[in-house]
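J.: here is my input; please provide its structure:
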Amino acid sequence: PFADDKYEEECRAIDQICAEKKVDLFISTYFTAPNSFYSISYLHDFIPDRLGMNLNQQPWKSKMFAMDKANGYIGVSKTTLQDLQLLHPRYRERQRSLVYNAISNDFRNHKSEAIEAVKSKHGIHKKYFVVLGHRLTYKNAIVFFKAFAELKNRDEFQIVCVGGYPSLEPVLGFYIQPFNDVIVLSVDNDELSMILNHASALVYPSVCEGFGMPILEGWASECPVIVAKQATACLEVAGDGAIAVDGFNVLEMVSALEEVQKTETRKRLIEIGKTRVRRFSLDNFKEQFYAALSDNLPNIQNYYGTKK
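T.: Numbers count the residues shown, from 1 in each chain. The predicted model follows:
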């Protein structure tokens, strides 16, 4: 298993495996790297850098170590590649390629009978908004909870939180008292997709992301999406397929929650989402990934040529 505090040991182990398998290219999908083989580091985000976290802590030191060892980079969004250039300009001469993430086939439109069964299983019996993943700090779910408290028809809804902490954080519950119809779930992709199918909206107000995978999950499940303008990667992915609000403006979020309840708005967002999500298909991912490998091919040849 990967040990993020034993860099050199990991490098030697990876070198040995690459030599045994006669590898010419190592692609690091986490914070690993070889010493003696051409490597590409797969970069998802620079959230710790952006938020001013202590980069001397693990695993961020491991990430910097792997980045420093890499000969090239793949970024999952233009935002991530721009952050690489802005925050780590010393790597600007190394090969950089864009490969967008792909959506899993788990996320799709389901039959109503199956959806209703899942909703019944989890106690969902009203209209509802979905919040995905962690909810505090930069994930910024607090703006949704504050806005939900201001909704005139809030009693018609439940809040369904999927993932993150296994119970609702008190700081979020405080804003919606005495309303307590909040469900916190941990489900697989299949059930999540069914829950998204009938949701009034997926509310994803994170203010800092490297991509924004929940946007694709919502689209593929034919669910309207609300995002925050501060997360440039989410805007890059979402385009005109989501309602974008100021992530710190409660009144804008209230307006978005009201707007998404309108039949025409809902239909429009679902149709745009169904079209945009095709850009993030597995076939498109493969095409971009192979193009990234082709971009690196001359450098790979030069790398081993200079070692002979």
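
J.: do you know how far Leu136 is from Thr232?
T.: 21 Å (CB to CB, to the nearest Å). For every residue, glycine as well, the C-beta is placed using N, CA and C.

J.: phi and psi next, for Leu185.
T.: Leu185 adopts backbone torsions of phi -130, psi 160, taken as degrees, to the nearest 10.

J.: so it touches Val162, yeah?
T.: Yes. In this structure, Leu185 is within contact of Val162 by CB atoms under 8 Å, at 5.1 Å.

J.: more neighbours, those two?
T.: Val162 (21 against 18; other CB atoms under 10 Å).

J.: next, the contact list for the more buried one, please.
T.: 130-133, 184-187, 192, 195 (CB atoms under 8 Å, 6 or more residues apart in numbering).

J.: got the confidence number for the closest residue to Ala33 other than its chain neighbours?
T.: Spatially, and ignoring its direct neighbours in sequence, Ala33 is nearest to Lys69 (3.6 Å; CB to CB, 6 or more residues apart in numbering). pLDDT recorded at Lys69 is 94.

J.: now do Gln57
T.: 87.

J.: equivalent analysis for Pro1, please.
T.: What the model reports as pLDDT for Pro1 is 50.

J.: likewise Asn180?
T.: For Asn180, the predicted pLDDT is 85.

J.: give me the distance between it and His134.
T.: Distance from Asn180 to His134, by CB to CB: 21 Å.

J.: same question, Ala102
T.: 23 Å.

J.: any chance of the contacts of Val162 in CSV, plus pLDDT and secondary structure?
T.: Below are the contacts of Val162 laid out as CSV (pLDDT from 0 to 100; DSSP: H, G, I helix; E, B strand; the rest coil):
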residue, pLDDT, secondary structure
Val130, 98, strand
Val131, 98, strand
Leu132, 98, strand
Gly133, 97, coil
Val184, 98, strand
Leu185, 98, strand
Ser186, 97, coil
Val187, 98, coil
Leu192, 98, helix
Ile195, 98, helix
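
J.: which stretches in the stretch 201-308 of the chain count as strands?
T.: For the stretch 201-308 of the chain, the strands defined by DSSP state E, counting those that start in this stretch occupy 201-204, 225-228, 243-245.

J.: returning to what we had before: which residues do Leu185 and Val162 both contact?
T.: If you check Leu185 and Val162 against CB under 8 Å, 6+ apart, the residues they both contact are Ile195.

J.: ok, which stretches of this structure are helices?
T.: Per DSSP state H, the chain carries helices over the ranges 7-21, 47-50, 60-69, 78-87, 112-121, 142-150, 170-175, 189-197, 213-220, 232-238, 250-259, 263-276, 282-307.

J.: check which helices and strands the longest one sits against.
T.: Yep, that's helix 282-307 we're talking about. Contacts defined by 3 or more CB pairs under 8 Å, 6 or more residues apart in numbering; DSSP states H and E place helix 282-307 against strand 25-28, strand 38-43, strand 72-75, strand 95-98.

J.: and among those, the most buried is which?
T.: Compared across the helices and strands packed on helix 282-307, strand 72-75 shows the largest average neighbour count, a mean of 25 (mean count of other CB atoms under 10 Å).

J.: could you spell out the sheet neighbours of it, each with its direction?
T.: strand 38-43 (parallel), strand 95-98 (parallel) (DSSP bridges).

J.: redo those as TSV? Include mean pLDDT and distance to Lys6.
T.: Formatted as TSV, the strands paired with strand 72-75 follow (pLDDT from 0 to 100; distance: least, CB to CB, whole Å):
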stretch	mean pLDDT	distance to Lys6
strand 38-43	97	18
strand 95-98	98	28
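
J.: out of the ones you listed, flag the one nearest Glu20.
T.: Closest of the strands paired with strand 72-75 to Glu20 is strand 38-43, at 16.5 Å (criterion: CB to CB).
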